[in-house]
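Novice: Got a predicted structure plus its sequence, pasted below:
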Amino acid sequence: MAAFWNTLRENLIFVLCCGGIAAGLVILSKIAERFLPATRHTSKTRRLCIIAICSAIAAVLHILDFPLVFLAPEFYKLDFSELPVMLCGFYLGPSAAVACEGVKIILKLLLKGTSTAFVGDFANFAVGCSLVLPAVIIYHTKKTRVSALWGLVAGTVFLTVFGSMFNAVYLLPKFSQLYGLPLDAIIGMGSKINGNIHSLQSFVLLAVAPLNLIKGGVISVLTLLLYKKVARPLFGK
């Protein structure tokens, strides 16, 4: 019985932590919009439709994730679901990007469920926002190609740093706890791929950080190449 209540308490703390971080990101996006030039004027119905379309595309891309087994254990997967989220944010602003990221995760859970005790899904949301929010906020300060480029660079750097630290401090220990997989076993998976991995810090530095850097770089390049081309058919711009 004591074990049951302990597990319940830990799960409740995890849920509250997820909710708190999600609420913080929503508040941050709303505050940012107050200091940015006016975002695009669209009706609420049109805004919701654009967020829904981008979220649906993002959910499909999220389901089509794939591991980079030469770099990190197979439960770390690369996906390009932040691309439609980024496009949505570039068009509608930071709060729309956070909403799109959240709806994407909900749709993915409804379609596929979770294989990581919800830790991976929460990580995808929080780390995804760490890429999208800086890029969108910086782009909306001026809305030029140069500001878009600097925003995407900043987002990639922030994704790499925050994603790595968040994994080391919270996500990996919580995944180990909720999924019942010892942390040493996770580090051991990394050691089989890269012999220089021998601790949590080296695991994050040599496996997680490069994966985040690759993802941020690919999403950034695709955003620069596609935004102007898809703005008209996707947003009616």
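Specialist: Thanks, I have it.

Novice: pretty sure Leu234 is touching Phe90, no?
Specialist: No: counting by CB atoms under 8 Å, Leu234 does not reach Phe90; the two are 11.0 Å apart. C-beta: built from backbone N, CA, C; applies to glycine.

Novice: name the element Ala148 belongs to?
Specialist: Here Ala148, judged by DSSP states H and E, is contained in helix 145-166.

Novice: what's the distance between stretch 83-93 and the middle of its chain?
Specialist: Relative to its chain's centre, stretch 83-93 lies at 13 Å (CA atoms, centre = their mean, to the nearest Å).

Novice: per-residue confidence averaged over it?
Specialist: Stretch 83-93 shows a mean pLDDT of 94.

Novice: Any idea which residue is closest to the centre of the protein?
Specialist: Gly128 (1.5 Å; CA atoms, centre = their mean).

Novice: For it, list the residues it contacts.
Specialist: Gly128 makes contact with 81-82, 85, 101 under the criterion CB atoms under 8 Å, 6 or more residues apart in numbering.

Novice: how about 6 Å then?
Specialist: Counting by CB atoms under 6 Å, 6 or more residues apart in numbering, Gly128 makes contact with 82, 101.

Novice: And the contacts of the helix holding Ala148?
Specialist: 127, 130-131, 134-135, 138-139, 141, 204, 208-209, 212-213, 216-217, 220.

Novice: And stretch 12-26, by the same measure?
Specialist: 98, 122, 126, 129.

Novice: Tell me which stretches of this structure form helices.
Specialist: Assigned by DSSP state H, the helices in the chain fall at 2-35, 44-63, 82-92, 94-112, 119-142, 145-166, 172-179, 183-193, 200-203, 209-230.

Novice: Quick one: closest of these to Glu74.
Specialist: Nearest of the helices of the chain to Glu74, taken as CB to CB: helix 183-193 at 8.3 Å.

Novice: Quick one: distance of the closest one to the chain centre.
Specialist: 23 Å.

Novice: If you count contacts, what does that helix end up packed against?
Specialist: Using 3 or more CB pairs under 6 Å, 6 or more residues apart in numbering; DSSP states H and E, no helix or strand is in contact with helix 183-193.

Novice: what's the angle from it to helix 172-179?
Specialist: Angle, helix 183-193 to helix 172-179, by axes from the mean of the first three to the mean of the last three CA atoms, to 10 degrees: 110 degrees.

Novice: distance of the residue nearest to the centre of the chain from Thr45?
Specialist: Gly128 sits 26 Å away from Thr45, taking CB to CB, to the nearest Å as the criterion.

Novice: buried stuff in stretch 137-146?
Specialist: By 16 or more other CB atoms under 10 Å, the buried positions in stretch 137-146 come out as 137-140.

Novice: Looking at these, which is nearest Asp184?
Specialist: Ile137 (39.3 Å).

Novice: Next, count neighbours for the residue lying closest to the closest one once chain neighbours are set aside.
Specialist: Closest residue in space to Ile137, ignoring its immediate chain neighbours: Ala32 at 4.9 Å, by CB to CB, 6 or more residues apart in numbering. Close neighbours of Ala32, defined as other CB atoms under 10 Å, add up to 18.
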